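Output the structure for:
(4 chains)
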Protein chains: 4
Amino acid sequence: MSKKILVLNTGGTFNKIYNPINGELEVDENASALKHISHKWQHNLEINSIINKDSLHMTSQDRVELLAFIYQSEYNDIIIIHGTDTMELTAEYIADAELEKNIVITGAMVPYSIDATEATANFAMAYGFLQNCSQNGVYISMNGLILPYDKITKDRDNGLFVRM
Amino acid sequence: MSKKILVLNTGGTFNKIYNPINGELEVDENASALKHISHKWQHNLEINSIINKDSLHMTSQDRVELLAFIYQSEYNDIIIIHGTDTMELTAEYIADAELEKNIVITGAMVPYSIDATEATANFAMAYGFLQNCSQNGVYISMNGLILPYDKITKDRDNGLFVRM
Amino acid sequence: MSKKILVLNTGGTFNKIYNPINGELEVDENASALKHISHKWQHNLEINSIINKDSLHMTSQDRVELLAFIYQSEYNDIIIIHGTDTMELTAEYIADAELEKNIVITGAMVPYSIDATEATANFAMAYGFLQNCSQNGVYISMNGLILPYDKITKDRDNGLFVRM
Amino acid sequence: MSKKILVLNTGGTFNKIYNPINGELEVDENASALKHISHKWQHNLEINSIINKDSLHMTSQDRVELLAFIYQSEYNDIIIIHGTDTMELTAEYIADAELEKNIVITGAMVPYSIDATEATANFAMAYGFLQNCSQNGVYISMNGLILPYDKITKDRDNGLFVRM
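Prediction:
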């Protein structure tokens, strides 16, 4: 119990902040959301920001970079913060590599900067799950569900993840 | 995976709200914090409020009531929301009953109503942990740590829980 | 002192809320921001929502509708909530009518739903100003400045209003 | 219009922050609430913290110090942040000095750190009022009302200020 966990940040809604100059929500390049969680939780998170994108803009090359990073990492327990639109694609891509690691992909429907609750809950559920995880695999943690990546999907009409 | 979890609310800082009439923080009797988490997480939590107290005021009788409720409950996986001051006492009391259940006690150093992040993270870490938990026991989930109740303690000088 | 003030809501950033379905910020049609201010301030605001638009989409017809509403209103002291992009245009249009009324146009660079402080401050500054206002005219209240509409302008590079 | 205004901070609920070590709300000695308002409003406030007290603990000597500070100040337009319990006493004490200044006393029923809206609104209403104020006097700005200090009082049963 109490394993060392790596948090890999790739962007997505979880990290979006409001830009008053252009009136748009943009992916924050400073990982402020994770830093705020770490600070307020009073728990030192190991955070590594390797990609800062809306997941609609994730390319095959981004996924290769992500997989290589995971493969080479000394960590066996990894949380990936990812946009929700292509979270399932990335999960499948990583799962196909059949690594001997425990990987949870999470993110948020509402940016942490707009409302902290959902983003924090998705993330911390992943964190608690990994403390106990003994069966290697790729999981998705969203909206109170944490399941193998192929048992959960985004319900685009209702704006949340549901069991498949 | 994806077990049914019961949330037992007993009060504590997690649930405190500001009363502008007397200027004090008081334990909210409506479990608004858990309801907000359930609503914003878009996940239906099974919540049962049985005690609404600052944990300094928890009596032996309150602990008997809590234990009886857990014992009689059909749920095997239970999260208890509890004040931090006597969280360890209650954990030990429940552990002594050696129930064949997975129980996580959690709470917050900062009320959910003042800042949502820590309370949400403590709670959701417990939630994720229980999804995977196969070894019966009583655990405490606070400030990024989730450990058997006798391996974690409140550091009163620094206002957080630490490994023992 | 303590005049009756009408709040005319036309939309704009002040009123934007996050839509998790499409990931966009949208003008809230329920005037929730003003209702929250009224509720939390414990002061009953007279609110009238007549247009719900991003101010980039305000048409000449919208401005005619707004002016007609003001002209016919029994209120002499009116606050208009308006998007910042064409706030100055609308102010000039209303000023040209030379009404014998005290009118303050306000809005926000950051939506009330994302961070309450700036929107609340712009609005309440307008409210306090009107309590004392004896010289008819059209004013703009933004970012700590409240001035005749032709003495203040949006600084688009820095995302705030400045003295002209 | 657009006068220079001094903000004199004396403490009170407006400035209270939660202390997780002892679980109490305490008057913040760093005037963080006013600094946050200044930063988010993007308007440089002239802030002077001279007393940091719950207003129940304000002494006669504190009031003398406050009055002396106001009297000697070069500013004619002053906002005083003050606890609500003895706001009226302090207002009367300052009014008795019959200074040729415009003074608005304000504060909050709910700490800025718990919910920003009421504190910000009370303060910004005072700010807008002073931009137009030409009749010397001592006013109180609370809960949507801004009136001469002897026309407004705290309704302790309902937790807000009302017209007398």
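
So what sits opposite the residue nearest in space to the middle of chain A in the bridge?
In chain A, the centroid-proximal residue (C-alpha atoms, centre = their mean) is A:Ile81; its distance is 2.0 Å. Beta bridges link A:Ile81 to A:Asn9, A:Thr106, judged by DSSP bridges.

Name all residues that make contact with it.
Contacts for A:Ile81 (C-beta atoms under 8 Å, 6 or more residues apart in numbering or on different chains) come out as A:7-12, A:14-15, A:34, A:106-107, A:123. C-beta here means a position set from N, CA and C on the backbone, and glycine is covered the same way.

buried stuff in stretch A:121-140?
Buried residues in stretch A:121-140, defined by neighbour count with 16 or more other C-beta atoms under 10 Å in any protein chain shown: A:121-133, A:138-140.

of all those, which two lie farthest apart?
Distance extremes for the buried residues of stretch A:121-140: the farthest pair is A:Ala121 and A:Val138 at 20.1 Å, using C-beta to C-beta.

For chain A, which residues are neighbours of chain C?
Contact residues, chain A versus chain C (C-beta under 8 Å from any C-beta of the partner chain): A:13, A:18, A:20-21, A:23, A:25, A:109-111, A:113-115, A:156-160.

Mark which of those residues are part of strands, please.
Of the residues of chain A next to chain C, the ones assigned to strands by DSSP state E are A:18, A:25, A:160.

filter the residues of chain A next to chain C to the buried ones?
Among the residues of chain A next to chain C, those scoring as buried are A:13, A:18, A:20, A:23, A:25, A:109-111, A:113-115, A:159-160 (criterion: 16+ other C-beta under 10 Å).

These: which ones sit near chain D?
Near chain D, taking C-beta under 8 Å from any C-beta as the test, no member of these is found.

Can you redo those residues as CSV, where the extra columns are distance to B:Ser73?
Listed next are these as CSV, based on distance: C-beta to C-beta, whole Å:
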residue, distance to B:Ser73
A:Thr13, 37
A:Tyr18, 44
A:Pro20, 50
A:Gly23, 50
A:Leu25, 43
A:Met109, 32
A:Val110, 33
A:Pro111, 37
A:Ser113, 38
A:Ile114, 36
A:Asp115, 32
A:Gly159, 33
A:Leu160, 28
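
and the two most separated of those residues?
Farthest pair in these, by C-beta to C-beta: A:Pro20 and A:Leu160, 28.5 Å.

Any part of the longest helix belonging to chain A near chain B?
Secondary structure assigned by DSSP state H gives helix A:116-132 as the longest helix of chain A. Yes - residues of helix A:116-132 contacting chain B under C-beta under 8 Å from any C-beta: A:116-118, A:120-132.

quick one: furthest residue from the center of chain A?
Largest centre distance within chain A, by C-alpha atoms, centre = their mean: A:Ile21, 27.7 Å.

Apart from its chain neighbours, what residue comes closest to that residue?
Nearest residue to A:Ile21 in three dimensions, chain neighbours excluded: C:Gly159, at 4.4 Å (C-beta to C-beta, 6 or more residues apart in numbering or on different chains).

right, and the one you found touches A:Pro20 too?
Yes - between C:Gly159 and A:Pro20 a contact is recorded at 4.2 Å, counting by C-beta atoms under 8 Å.

got any residues that touch both of these two?
Shared contacts of C:Gly159 and A:Pro20, defined by C-beta under 8 Å, 6+ apart, are found at C:Met109.

Buried residues of the longest strand along chain A, list them for me.
When chain A is parsed with DSSP E, its longest strand is strand A:46-53. Within strand A:46-53, the residues scored as buried using 16+ other C-beta under 10 Å are A:47, A:49, A:51-53.

so which of the residues you listed comes closest to A:Ala68?
For the buried residues of strand A:46-53, the nearest to A:Ala68 is A:Ile51 (12.0 Å; C-beta to C-beta).

residue boundaries of the helices in chain A?
Remark: helices assigned in chain A by DSSP H are A:32-41, A:60-72, A:87-95, A:116-132.

Is there contact, residue-wise, from the first one to chain B?
Looking back up the chat, that one is helix A:32-41. Yes - shown here: helix A:32-41 in contact with chain B (C-beta under 8 Å from any C-beta) through A:36-37, A:40-41.

Kindly reformat those residues as CSV containing neighbour count and pLDDT.
Listed next are these as CSV, based on neighbours: other C-beta atoms under 10 Å in any protein chain shown; pLDDT from 0 to 100:
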residue, neighbour count, pLDDT
A:His36, 17, 98
A:Ile37, 26, 98
A:Lys40, 20, 98
A:Trp41, 26, 98
